[in-house]
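Participant: give me the fold of what follows.
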Amino acid sequence: MNLHALVPHRPPMLLPERLLSVDERQCRTALCVDPTAWYATAEGAMPAWMGLELMAQTAAAHNGWQHRESPEPRGGVLLGTRRYSAARADFPAGTQLEAVAELDMAGVFGQSTFQCCLLIEGVPVAEALLRVLETP
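Facilitator: The predicted model follows:
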C-alpha cells in the first residue's frame, strides 16, 4: 500500500516519502531531509518543529489504513499536543528520519491520541503525544 492511498496530502505538502509498516496499533514512515524542500532552512536543514507535521501525517496514514476500504483517504485535524520535545534544533540535509505513530487511545466521535517519535538510525530524536480528530 502506498501513502497516496492513505493520506489526503500530496507533494510537496506530503512529508513522508515511504510507508515502512502499518498495522492495527502502529504506523511507520520514512523521510530523507531534502535541502531543496519548501521547509528547508538556508542551510538545507529541516527545522525540528516540522517533526510535528511528519508525526501527524504518519498518524493520518494509520487512520487511512484503518479505513482502507474507502475509495479516498479520510481527512483529519491535528487538535494539539501535550508536549513536543526534540533533541536538536534541526535535522541536517540528507538525514534519514523514521516517524512512528502508535495508537494510544481511540475515543468516541473520531478523537484519538497517538504516542509519536522520530528516529535517526533507531535512536529517538523527538517525541510527542498527539491528539487528532478524524473527519468524515
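Participant: need the strands for the chain, in chain order.
Facilitator: 18-22, 26-32, 46-47, 76-86, 90-91, 96-106, 111-120, 123-134 (DSSP state E).
Participant: pull out the buried positions in the second one.
Facilitator: It refers to strand 26-32. Cys27, Arg28, Thr29, Ala30, Leu31 (16 or more other Cβ atoms under 10 Å). In this view, the C-beta of every residue, glycine as well, is placed from N, C-alpha and C.
Participant: again with the last one
Facilitator: Buried residues in strand 123-134, counting neighbours by 16+ other Cβ under 10 Å, are found at Val125, Ala126, Glu127, Ala128, Leu129, Leu130, Arg131, Val132, Glu134.
Participant: using PDB, write out every CA atom in that strand.
Facilitator: Provided in PDB are the C-alpha atoms of strand 123-134 (Å, rounded to 0.1, in the frame of the first residue of the first chain):
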ATOM      1  CA  VAL A 123      17.700   6.400  18.100                       C
ATOM      2  CA  PRO A 124      14.800   8.700  19.300                       C
ATOM      3  CA  VAL A 125      15.400  12.300  18.500                       C
ATOM      4  CA  ALA A 126      11.900  13.800  19.100                       C
ATOM      5  CA  GLU A 127       8.700  12.700  20.700                       C
ATOM      6  CA  ALA A 128       5.100  13.900  21.200                       C
ATOM      7  CA  LEU A 129       1.700  12.800  22.300                       C
ATOM      8  CA  LEU A 130      -0.700  14.000  19.500                       C
ATOM      9  CA  ARG A 131      -4.500  14.400  19.800                       C
ATOM     10  CA  VAL A 132      -6.200  14.100  16.400                       C
ATOM     11  CA  LEU A 133      -9.800  14.200  15.100                       C
ATOM     12  CA  GLU A 134     -10.900  12.100  12.100                       C
END
